[in-house]
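**Student:** Okay, sequence plus prediction incoming.
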Amino acid sequence: MAGKMPQQMTTAEAVVASLVAHGVDAVYALPGIQNDHLFDALFKAQNRVRTIHTRHEQGAAYMALGATLATGRPQAFAVVPGPGLLNAGAALLTAYSMNAPVLALIGEIPQQGIGRHLGHLHELRDQAGVIARLVDHAAHIGAPADASRLVAEAMAVMRTGRRGPAALECAIDIWGASGPVTPHAPLPSGDPAIDEDAVRAAAKRLGEAKSPMIICGGGAQDASAEVTELSAMLQAPVLGYRRGRGVLDSRDPLSVTLPLAHELWAKTDAVLAVGTRMFMQQHPVFAAGPWGLDDDIAVIRVDSDPDEPARIHPPAVALIGDAAPVLRALIDALPAHNAKRRSRRGDMMLRQAAWSARLSQALKPQVAFLDAIRAELPEDGIYVDEVTQVGFASRLAFPVYKPRTFLSPGYQDNLGWGYATALGAQHARRDVPVVSINGDGGFMFTANELATAVRHRIPLTAIVFNDGAFGNVRRIQEEMYGNRQIAADLADPDFVKFGESFGAAAERAKSPAALRAALRRAFKRRETPTLIDVPVGAMPNPWKYIFLPRVRGS
Ligand SMILES: Cc1ncc(C[n+]2csc(CCOP(=O)(O)OP(=O)(O)O)c2C)c(N)n1
Ligand SMILES: [Mg+2]
């Protein structure tokens with residue numbers, strides 16, 4: 001950044017310069033009059049930051065989310081106020097639930113009109129209050145002189161403690177106002193020092209345990225090396241369900257999926273839970289956790305949020321901070337306390353093979369398609385999950401080899417996040433293929449963004465598993481409501497013609513083998529998006545392998 005001398009610039013120019021100074025090289029956006037000055041500043045900075053315009057604000061926000069999840073770096077999106085903000089709302093909610101550092105730049109009506117209810121274009125009553133409920137940190141930019149500092153503060157908050165989205169709001173007339181601006185350098189993240197006493201206590205509890213387990217959530221994604229090392233030292237199986245998948249390579253004998261972890265749960269005497277709410281085993285309808293926790297299990301929590309560890313169950317030890325450095329300290333402290341351990345490799349491999357065979361049988365159609373995807377997707381290729389039958393099965397049965405290569409929505413489990421999120425992931429990671437799986441229901445939420453994929457030459461491959469229904473809803477109505485089917489059947493377009501009409505490559509694959517061949521063709525296209533329609537029937541119910549009964553505690 002050019003020195004600390006004040007320079008004359010507009011608020012919009014100051015914000016864009018500050019984004020660039022923080023390493024942001026793309027803004028996912030949909031323009032409108034309140035933000036015209038911002039887009040003009042983006043025009044002038046085109047050689048340093050790319051502007052990717054979408055067809056709906058949810059597309060812009062989901063793309064920023066996907067880019068963040070795929071890279072681990074903060075990303076930004078820009079939308080007009082009122083309807084623009086609300087259109088982006090579900091994605092912002094998802095970013096919050098997933099602790100994803102996404103910066104929202106949100107326009108606002110003229111500064112003097114705020115709170116007066118005059119009926120300005122796109123006015124939203126108490127917009128700042130609405131935004132504050134959606135993000136971890138929000139600020140209103142009131143003058144060019146404040147812009148650079150406010151960007152730096154938002155960026156620092158997004159990287160400190162529990163990660164999460166931030167928002168900056170700016171009125172139409174303030175974006176274009178000029179004044180002297182002193183560029184603000186990036187601020188250090190304010191993470192706490194590691195508590196060495198707590199690390200020793202954790203090392204003792206884990207070292208003494210006979211059957212420890214490690215549970216990883218999204219907060220462990222950047223601590224893959226440390227988790228792998230600890231797992232070997234403790235001979236501890238590592239569970240990653242959804243957001244924690246890929247932290248330990250699925251090919252590692254100690255990597256376990258949800259039902260196998262459940263099988264081991266009753267005999268587990270210590271658990272190291274890294275960057276997870278430990279809420280993954282909860283049925284949405286039943287508040288109490290079915291697996292159970294009791295005093296015979298020492299719970300060690302590693303979390304960047306000091307409020308998180310005690311939420312579900314009082315932990316034996318809470319280690320507060322970023323997973324990688326905290327686990328590194330634990331690795332150093334563990335040898336002094338660690339028991340001599342027999343290898344659990346053989347036992348785990350047998351159990352894994354048994355579960356793999358069982359799931360392949362019980363969820364046959366889903367697993368056959370997942371096998372086809374895994375066979376073609378390179379090791380570092382990225383799989384983006386959806387709220388669909390093949391998606392649910394993938395959380396249990398899709399092998400994942402590297403961190404940040406299995407993107408699954410957090411506890412929102414929001415239908416329709418997939419396509420646009422995958423588009424952002426593919427835009428930010430052009431070096432690897434990204435595959436988006438969808439149901440016909442979920443795909444249509446953001447299918448309009450096929451136009452964005454074509455316009456910006458983003459080579460995303462999307463699969464639509466097409467059963468002509470909100471299949472999950474239909475099955476619940478069949479099984480639990482006397483087959484009284486309502487609001488579950490869908491009139492779909494011909495997805496091949498639909499994709500082609502946008503200028504995407506499109507084809508129909510009627511079997512796992514045909515899907516495999518189609519994927520091979522798709523992953524070779526590096527400038528054109530692909531849409532693959534896979535006609536399917538009803539699929540077997542996966543939920544009994546996900547909502548598992550209580551095995552300990554009261
Ligand atoms: C935003 C949102 N709305 C509604 C739901 C409820 N829901 C969960 S699965 C589902 C049906 C999904 O249909 P489709 O995408 O075709 O997948 P399928 O179950 O048919 O494989 C619905 C409506 C949701 N999870 N998220
Ligand atoms: Mg469907």
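**Tutor:** Received, thanks. Numbering: from 1, shown residues only. Ligands and ions are numbered 1, 2, ... in the order given.

**Student:** and the helix or strand of the chain with the lowest mean pLDDT, how far from the chain's centre?
**Tutor:** Sorting the helices and strands of the chain by mean pLDDT, DSSP states H and E puts helix 258-265 at the bottom, at a mean of 93. Centroid separation between helix 258-265 and its chain, computed with CA atoms, centre = their mean, to the nearest Å, is 24 Å.

**Student:** Mind listing what's buried along the helix or strand following it?
**Tutor:** Downstream of helix 258-265, the next assigned helix or strand under DSSP states H and E is strand 270-274. Under the neighbour-count criterion of 16 or more other CB atoms under 10 Å, strand 270-274 has 270-274 buried. Where you see a C-beta, it was placed from the backbone N, CA and C, and this is true even at glycine.

**Student:** Over to stretch 336-356?
**Tutor:** 338, 344, 348, 351-352, 355-356.

**Student:** what's in contact with it?
**Tutor:** 203-204, 206-210, 233-235, 237, 253-257, 259-260, 263-264, 397 (CB atoms under 8 Å, 6 or more residues apart in numbering).

**Student:** Neighbours of residue 404, how many?
**Tutor:** The number of residues packed near residue 404 is 20, by other CB atoms under 10 Å.

**Student:** Phi, psi for it please.
**Tutor:** phi 60, psi 30 (degrees, to the nearest 10).

**Student:** Kindly provide the distance from the nearest residue to it once chain neighbours are set aside to ligand 2.
**Tutor:** Leaving aside its sequence neighbours, residue 404 sits nearest to residue 221 (CB to CB, 6 or more residues apart in numbering; 5.6 Å). As for residue 221, its distance to ligand 2 is 29 Å (criterion: CB to the ion, to the nearest Å).

**Student:** cool, residue 151 as well?
**Tutor:** 42 Å.

**Student:** is it true that that residue touches residue 18?
**Tutor:** Yes. The pair residue 151 / residue 18 is scored as a contact, 3.7 Å apart, by CB atoms under 8 Å.

**Student:** hey, what's in contact with both of the two?
**Tutor:** residue 184.

**Student:** Give me the more crowded residue out of the two.
**Tutor:** residue 151 (29 against 24).

**Student:** The more buried one falls within a helix, correct?
**Tutor:** Yes. Applying DSSP: H, G, I helix; E, B strand; the rest coil, one finds residue 151 inside a helix.

**Student:** mind listing the helices for the stretch 1-150 of the chain?
**Tutor:** Listed in chain order, the helices of the stretch 1-150 of the chain (DSSP state H, counting those that start in this stretch) span 11-21, 36-44, 57-71, 83-87, 89-97, 127-134, 144-159.

**Student:** Now restrict the contacts of stretch 336-356 to buried residues only.
**Tutor:** Looking at these with 16+ other CB under 10 Å, the buried ones turn out to be 203-204, 206-207, 209, 233-235, 237, 253-257, 259-260, 264, 397.

**Student:** and these, which of them are in helices?
**Tutor:** 203-204, 206-207, 233-234, 259-260, 264, 397 (DSSP state H).

**Student:** Give the burial count for residue 549, as a bare number.
**Tutor:** 9.

**Student:** Please apply the same query to residue 439.
**Tutor:** Residue 439: 26 neighbours (other CB under 10 Å).
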